[in-house]
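>>> Whatever this is, show me its structure:
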Amino acid sequence: MPTGDRGKINRIARQSPAAGQRVTQGSRVTVWLYGYVPTVPNLVNMSPSQATEAIRKAGLSVTTAAQRVPTGDRSKINWVARQSPAPGQRVSQGSTVTVWLYGPAPAQAVVPNLTNLLPQQAADALRHAKLSLRVEQQRIPASNRSLVGRVARQNPGPGQRVRRGFVVAVWLFN
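Purely as a prediction, here's the structure:
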């Protein structure tokens, strides 16, 4: 019988026939013993050493996933971000709990406004912002001859945050 109480381990949980029943001598009596079934502790926001200690005390083992959970909060880096199985679940003794640690968020860049720039000017502005340029083949009709060859539209738009190295698409006036 499963129990989370280590004090009951290997004690009789129940029996058949029940205590107090009369049976003939030599009859079979079946007993069920308590066995420890640990509850998964909550490891989120613990340091790896704290998590390892909590897991050890519960009679479980721990493994750390290679993938990191991005965070902008530098104080959380290398602390437990999530776990599986979830806290509170009952598992077999010796089971493995996987933890994912926080890691630094990818570097971000703000997309500059490229409207009305020439392609080389747009490429320079994006390079300065640590972004890349892709000129789309489709053209947008210009209402004014002075706009021909300049950026008419961009995606993502100005002011949006993207990861460094992101490719910004532009469409030119024709």
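>>> tell me the contacts of the spatially most central residue of the chain?
Nearest to the geometric centre of the chain sits Val69, at 4.5 Å (CA atoms, centre = their mean). Listed by CB atoms under 8 Å, 6 or more residues apart in numbering, the contact partners of Val69 are 81-82, 100-103. All C-beta spots, glycine's among them, are computed from the backbone N, C-alpha and C.
>>> which two from those residues end up farthest apart in space?
Arg82 and Gly103 (12.4 Å; CB to CB).
>>> how far away is Arg68 from Pro104?
Distance, Arg68 to Pro104, by CB to CB, to the nearest Å: 8 Å.
>>> oh, I was asking about Pro70
Using CB to CB, Pro70 is found at 7 Å from Pro104.
>>> Repeat that for Gln15.
Plainly put, Gln15 is 58 Å away from Pro104 if you go by CB to CB.
>>> so where's the protein shaky on pLDDT?
Where the chain drops to pLDDT under 70, the residues are 1-2.
>>> name the helices or strands packed onto the helix or strand harbouring Arg14?
Using DSSP states H and E, Arg14 falls within strand 12-16. Counting contacts by 3 or more CB pairs under 8 Å, 6 or more residues apart in numbering; DSSP states H and E, strand 12-16 is packed against strand 30-33.
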